[in-house]
Each structure stands twice: as C-alpha cells, then as structure tokens.
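[1] Let me see the structure of the following:
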Amino acid sequence: MVISIVNSISVNAAGSSDNRIDVPGDSLQTQLQSNIRTTFCFRQTTQLTIYADVDMDLNLNCENSGSVKKDFVIEIEGAHNLQMTMTCTGEENQLGLMDGNILQLRNRNTYRYQEGFCVSIECEPKCDCECKCQNECQCICECQCQEECDCICECLNECQCVCNCEEEECFIQARLKIKATNQNQAGSWAYYNENDGEWVVVPSIIEEGYLTAETDHFSTWTVLIPTSLTNSNTALIVGSAATIAVIGVIIGVSVIYLKKRKV
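    Modelled structure (predicted):
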C-alpha cells in the first residue's frame with residue numbers, strides 16, 4: 001500500500017545534516033539516534049542521508065559506491081525503535097534492472113531503467129521481550145496400582161515470550177528522495193511487488209530539488225522513466241542532429257557556389 005504525498009513528516013528536506021560520516025568501504029554497521037539527520041558518504045560518491053524519529057540499528061551496504069554519484073534520502077516515522085538493513089546497487093538483473101532495460105507494468109505502460117541506483121530496504125522492530133519458562137511434569141503409569149509398576153514421567157518446558165511491539169507495527173510511514181536531474185525528474189519511484197513479481201510505480205513529485213515519494217512499506221525501490229519520454233528525447237536529439245547536418249550541407253554548398261561565381 002502506498003500513501004499519498006503529504007507533508008506529514010516534519011523534517012526540513014533541504015536542511016543540512018547534523019552528522020556526516022565518511023565510509024571508506026562498501027558497508028557499515030552503526031546506531032542512529034532519534035531526530036538526528038545523518039549523511040553517510042560511501043567513497044565520496046554515493047550519499048545516503050537517514051532521519052528517523054526513533055532510535056535505529058543500521059546495517060548499510062553500498063555496492064554502487066564506485067560508479068555513479070547519487071544523493072539518496074530516507075525519512076522515517078516509526079512506531080518503535082527499529083533494526084534496518086539497506087543495500088544499494090547499480091543493477092539488479094534478477095528484477096530486470098539493467099541499464100537501458102525496458103519493463104512493462106501491469107497497466108501495460110512501459111518504463112525504462114536508467115537511474116543506475118536501486119535500494120533494498122528491510123526493517124524490523126527492535127523490541128524488549130521478556131520470556132518466562134515453567135517446568136510442567138506429567139506421570140503416566142501402565143497399571144492401576146502405582147506400587148506394582150514403574151511410572152514414566154515426561155517433563156515439558158513451556159516458555160512464553162511477551163514483546164512490547166508487533167512486527168506489523170515496524171513503522172508508520174517513510175519518505176524516499178533522490179536528487180532530481182534532467183534524466184530522472186520526469187520519472188517515478190517504483191517498488192518491486194514480490195507477491196506478483198512485478199514493478200509498481202507510485203505517485204512522485206519534485207520537492208525542494210528531490211524526486212520524492214511516500215510509502216508505508218519497505219521493499220526494493222528504484223526510479224523508472226516512461227519510455228514515451230525517453231523515446232521523445234532520443235527523437236529530438238536525432239532530429240536536432242539531422243537538422244544541424246542539413247544546415248551544414250547548405251552552408252557548404254553556398255560557400256562553394258559563391259566561390260565559383262567570384263572565379
């Protein structure tokens with residue numbers, strides 16, 4: 001389920017980060033305090049900015065850090081403290097995300113993948129659980145007189161764990177953002193529906209220089225561009241090149257003609 005674009009998360013998207021952490025490698029495990037906006041810079045190329053109103057245990061993996069520079073932001077409104085794993089890659093072949101690949105969605109519209117960035121997000125609540133175990137024994141005898149036979153006792157350990165949160169209450173909502181460019185500003189955020197095995201685009205807007213979408217669930221997310229737009233751009237480029245070539249030929253012929261007249 002995807003919720004509409006609203007200003008429900010009271011965070012200044014364009015504001016500077018409270019913390020900046022340079023990550024020399026491709027992965028990082030750390031803890032993030034609530035209400036502190038932190039930017040993780042992987043090899044000075046890919047930026048992951050994370051903000052949440054709850055405490056978080058983070059496991060970050062950025063396999064895309066050595067290729068194209070990206071600026072990704074996620075803002076979370078949680079129900080409880082969270083444990084989150086985030087993996088960023090440039091391509092996901094199994095999901096059809098190869099550079100330039102065309103995907104047909106359920107509505108029969110076609111989209112092109114050319115963002116070079118997808119992020120897989122998994123989230124679980126970080127709960128305080130209390131477990132209590134009780135030993136219960138039952139004796140089973142095979143004769144009426146217990147003195148004439150041996151009784152077999154089977155003891156069962158029964159444990160009950162009570163947690164202060166439920167898995168479905170992982171978080172209330174989240175906002176995904178990526179720096180808008182000439183290439184992706186007409187695109188839409190999309191998530192991979194594992195049950196149906198297909199990509200689903202969601203309403204997206206440009207907000208303070210970022211392509212933005214809101215959601216109430218995590219999955220694998222990326223940005224897809226309608227092929228109608230990419231084809232139009234290609235046709236425009238080809239048409240412009242052809243026009244320039246024709247103009248060049250006309251100028252060349254004119255110069256030759258004028259030279260011949262002077263002779």
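[2] all contacts plus neighbour counts: C-alpha atoms, from now on.
    Will do.
[3] wouldn't Thr227 be in contact with Tyr113 here?
    No - under the criterion of C-alpha atoms under 8 Å, Thr227 is not in contact with Tyr113, lying 9.3 Å apart.
[4] and the two? which has more neighbours close in?
    Here Thr227 and Tyr113 are set side by side on neighbour count (other C-alpha atoms under 10 Å), and the busier one is Tyr113, at 24 against 18.
[5] before we move on, what SS does Ser228 have?
    Applying DSSP: H, G, I helix; E, B strand; the rest coil to Ser228 yields a three-state assignment of helix.
[6] neighbours around it, how many?
    Residues contacting Ser228 under the criterion other C-alpha under 10 Å number 13.
[7] Can you give me the distance of it to Val73?
    Ser228 sits 28 Å away from Val73, going by C-alpha to C-alpha, to the nearest Å.
[8] separation between Asp18 and Thr39?
    Applying C-alpha to C-alpha, one obtains 8 Å for the distance of Asp18 from Thr39.
[9] neighbour count winner among those two?
    Remark: of Asp18 and Thr39, Thr39 carries more neighbours, 21 against 11, as counted by other C-alpha under 10 Å.
[10] does that one have beta-bridge partners, and which?
    Partner residues in beta bridges with Thr39, using DSSP bridges, are Arg20, Thr49.
[11] Val201 now?
    Following DSSP bridges, Val201 is listed with bridge partners Ala190.
[12] what do you get for Thr215?
    As for beta bridges, Thr215 partners with Ala174 under DSSP bridges.
[13] burial of the closest residue to Gln173 other than its chain neighbours, as a residue count?
    Distances taken as C-alpha to C-alpha, 6 or more residues apart in numbering put Asp216 closest to Gln173, at 4.4 Å, once the chain neighbours are dropped. Using other C-alpha under 10 Å, the number of residues around Asp216 comes to 16.
[14] What pLDDT does the model give Asp216?
    For Asp216, the pLDDT comes out at 91.
[15] ok, now the one 10 residues further on?
    As summarised for this prediction, Pro226 has a pLDDT of 96.
[16] What's the separation between the residue nearest to Gln173 and Met56?
    Taking C-alpha to C-alpha as the measure, Asp216 and Met56 are separated by 17 Å.
[17] where does the stretch 1-150 of the chain have low pLDDT?
    1-16, 64-68, 127-150 (pLDDT under 70).
[18] all strands of it, in order?
    19-23, 27-32, 38-42, 46-52, 56-62, 71-78, 82-89, 102-104, 110-112, 118-125, 129-140 (DSSP state E, counting those that start in this stretch).
[19] same thing with the stretch 151-263 of the chain?
    With DSSP E, counting those that start in this stretch as the criterion, the stretch 151-263 of the chain has strands spanning 152-163, 171-179, 188-193, 198-201, 205-207, 210-215, 220-226.
[20] Out of these, which gets nearest to Met98?
    Met98 lies closest to strand 220-226 among the strands of the stretch 151-263 of the chain, at 11.5 Å (C-alpha to C-alpha).
[21] Strand 188-193 and that closest one, what's the angle between them?
    Put simply, strand 220-226 runs at 130 degrees to strand 188-193, going by axes from the mean of the first three to the mean of the last three C-alpha atoms, to 10 degrees.
[22] Parallel or antiparallel, list what pairs with strand 220-226.
    strand 110-112 (antiparallel), strand 118-125 (antiparallel), strand 188-193 (antiparallel).
[23] Export those strands as TSV, with columns for distance to Trp199 and mean neighbour count.
    As requested, the strands paired with strand 220-226 are arranged in TSV below (distance: least, C-alpha to C-alpha, whole Å; neighbours: other C-alpha atoms under 10 Å):
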stretch	distance to Trp199	mean neighbour count
strand 110-112	10	21
strand 118-125	12	19
strand 188-193	4	20
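[24] Might one say that Glu55 is in contact with Asn81?
    One thing to correct before we go on: residue 55 is Asp, not Glu. Yes - with contact defined as C-alpha under 8 Å, Asp55 and Asn81 form a contacting pair (5.0 Å).
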